[in-house]
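**Student:** Output the structure for:
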Amino acid sequence: MKTSNRASNSACFLALLIAAPLAAQSPADVYRADADRIIAAALADSAAWNRLAELADRFGHRFSGSASLERAIDWVLEEMRRDGFENVRGEQVMVPRWVRGQESLHLVRPRAMPIPMLGLGGSIATPRGGIEAEVMVVTDFDELSRRAGEARGRIVLFDPPWRNYGYNVRFRREGAIAAARAGAVASLIRSASSYSMRTPHTGSMAYDSSVRRIPHAAISSEDAAMLRRMIERGERPVVRLQMGAQTLPDAPSRNVVAELVGRERPGEVVVMGGHIDSWDVGSGAMDDGGGVVAAWEAVRLLQRLGLRPRRTIRVVGWTNEENGLRGALGYRDQHEAELSNHVLAIESDGGVFRPIGFGFSGSDSALAILRSIARLLRPIGADCIARGGGGADIGPIMQRGVPGMGLNVDGTRYFWFHHTEADTPDKLDPREMAQSVAAMAVMAYVVAEMPERLPR
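**Tutor:** Residues are numbered from 1 along each chain as shown. Take a look at the predicted model:
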């Protein structure tokens, strides 16, 4: 789940005030020279952004079950071998395969016009010829419950104002269930987005076996507002929705895995990465090609600088985060026997914008150590370690006791482009991405290099 970093910023400021008297005793001081070298190397060029742009431009979207995802994985594995990484491999998992097909939405009355839309992942298709029906607009589930008698035979549009991703995504996930329960023939949502240029956002949705399945799609905030205005003026807008979506049998995919093997304790692992898959729109640059490439580039820098730590650093590009988490679950299952020796898991899945630090979930003693290490990141303003962090792909191993961290960034623009056709490399700044690389490299290196392992 992607969320705002504002709460993390406040928590970091308070934590720094509390920790200030202990700063002079920080054990991280011994790694100052190495950290400075890592940061300088990361900021010296745009290598990370250039590699991300090549991934995005060469392969486009990388949706689970698609040929483009598997071609991208082949390329990443070959490039990692060329970079000199060790134990490079693809670890197979089976992933869901939902295919969008042809889709469209048209306003029929009070005037004719096409409306940009995106079917939501997992939705069923409309009947052949589509569904034409009057639109009913509601703000939330409570309003739908109060007005359930009006929904029968209509297309329900959920038009909640933007609060945050956690709130707004509920209508994407559960909207079809609530609308079907009220007797609607299809459901639409105002996209879960803080800003729009008439760009609908896709994402996963859910069904409930206790109610009939109906088609479910997203439209832009501008078009949701237009339909609401029409109804408030006493008009009765009618739309025609056509969707050709299919759910096909599961398909084989792979987690991307590569390592910088530890020189003294190779069996102890710091795992770091993002998810290699994306939605089937845009090119998955921000979500989450940037996270994968940042982790990859971080370890490549350590290798290039001759900084081989005591413990192994493992880069992972998890597959199928977007609509199934099969890569995360597969990694947990395939590495179950060694999870007791996973020292730390670090994930980047919020866009590699300007880094402000990390969120951490683990013991208080580990948090204190990580906050002292974070002092090394003050030159790039990424020295904040807030309580609470992780990510969807490291969630399954965190549940097994592995401490988890998520890279926190200035995510102001993240939900402008999230799950849209606009998720392309130009939305990311090369220097900000380089700073994210530096933050991940320094944190992973010091945790992997310290004489004592991070306590649980």
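**Student:** Run through the helices of the stretch 351-456 of the chain in chain order.
**Tutor:** Assigned by DSSP state H, counting those that start in this stretch, the helices in the stretch 351-456 of the chain fall at 364-373, 395-398, 414-417, 430-449.
**Student:** I'd like to know which of those is closest to residue 199.
**Tutor:** Among the helices of the stretch 351-456 of the chain, the nearest to residue 199 by CB to CB is helix 414-417 (7.8 Å). Quick note: C-beta positions are derived from backbone N, CA and C, even for glycine.
**Student:** Return the set of buried residues in the closest one.
**Tutor:** The neighbour-count check on helix 414-417 (16 or more other CB atoms under 10 Å) flags 414-417 as buried.
**Student:** need the contact list for the nearest residue to residue 414 once chain neighbours are set aside.
**Tutor:** Counting by CB to CB, 6 or more residues apart in numbering, residue 414 lies nearest to residue 351, which is 4.8 Å off, once chain neighbours are set aside. Under the criterion of CB atoms under 8 Å, 6 or more residues apart in numbering, the neighbours of residue 351 are 286-287, 290-291, 409, 411, 413-414, 427-428.
**Student:** re the thing from before, can the buried residues of helix 414-417 go into CSV with extra columns for pLDDT?
**Tutor:** Output for those, formatted as CSV (pLDDT from 0 to 100):
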residue, pLDDT
414, 97
415, 97
416, 97
417, 97
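**Student:** Name the nearest residue to residue 308, ignoring sequence neighbours.
**Tutor:** Closest to residue 308 by CB to CB, 6+ apart is residue 263, at 5.0 Å.
**Student:** How many residues are close by that neighbour?
**Tutor:** Neighbours of residue 263 under the rule other CB atoms under 10 Å: 12.
**Student:** That one: helix or strand, and which one exactly?
**Tutor:** Using DSSP states H and E, residue 263 maps to neither a helix nor a strand.
**Student:** contacting residues for it?
**Tutor:** Neighbours of residue 263 in contact, by CB under 8 Å, 6+ apart: 308-310.
**Student:** Quick check: of those residues, which has the highest neighbour count?
**Tutor:** residue 309 (23 neighbours).
**Student:** Check the gap between that one and residue 33 for me.
**Tutor:** Between residue 309 and residue 33 the computed distance is 15 Å (CB to CB, to the nearest Å).
**Student:** ok, now residue 184?
**Tutor:** Counting by CB to CB - residue 184 and residue 33 are separated by 64 Å.
**Student:** Could you do residue 105 as well?
**Tutor:** Taking CB to CB as the measure, residue 105 falls 59 Å from residue 33.
**Student:** neighbour-wise, which of the two wins?
**Tutor:** Ranked by neighbour count (other CB under 10 Å), residue 105 and residue 33 place residue 105 first, with 25 against 8.
**Student:** And the pLDDT at the more buried one?
**Tutor:** pLDDT for residue 105: 98.
**Student:** which residues does it bridge with?
**Tutor:** Counting by DSSP bridges, residue 105 is bridged to residue 241.
**Student:** dump the residue contacts of it.
**Tutor:** Applying CB under 8 Å, 6+ apart, the residues near residue 105 are 114-117, 188, 217, 219, 239-242.
**Student:** What helix or strand is the residue lying closest to residue 334 once chain neighbours are set aside located in?
**Tutor:** With CB to CB, 6+ apart as the criterion, residue 334 has its nearest non-adjacent residue at 5.9 Å, and that residue is residue 91. Using DSSP H and E, the element containing residue 91 is strand 86-99.
**Student:** where does this structure dip in pLDDT?
**Tutor:** Applying pLDDT under 70 to the chain flags residues 1-27.
**Student:** domain parsing for it?
**Tutor:** For the chain, the structural domains run 6-97+249-449, 101-244, going by automatic domain parsing.
**Student:** Determine which stretch of the ones you listed is the most buried.
**Tutor:** Ranked by mean neighbour count, the domains of the chain are led by domain 6-97+249-449 with a mean of 21 (mean count of other CB atoms under 10 Å).
**Student:** Listing partners with orientation, what would you give for the helix or strand harbouring residue 315?
**Tutor:** Here residue 315 sits within strand 311-318, counting by DSSP H and E. Counting by DSSP bridges, the strands paired with strand 311-318 are strand 246-260 (antiparallel), strand 265-275 (parallel).
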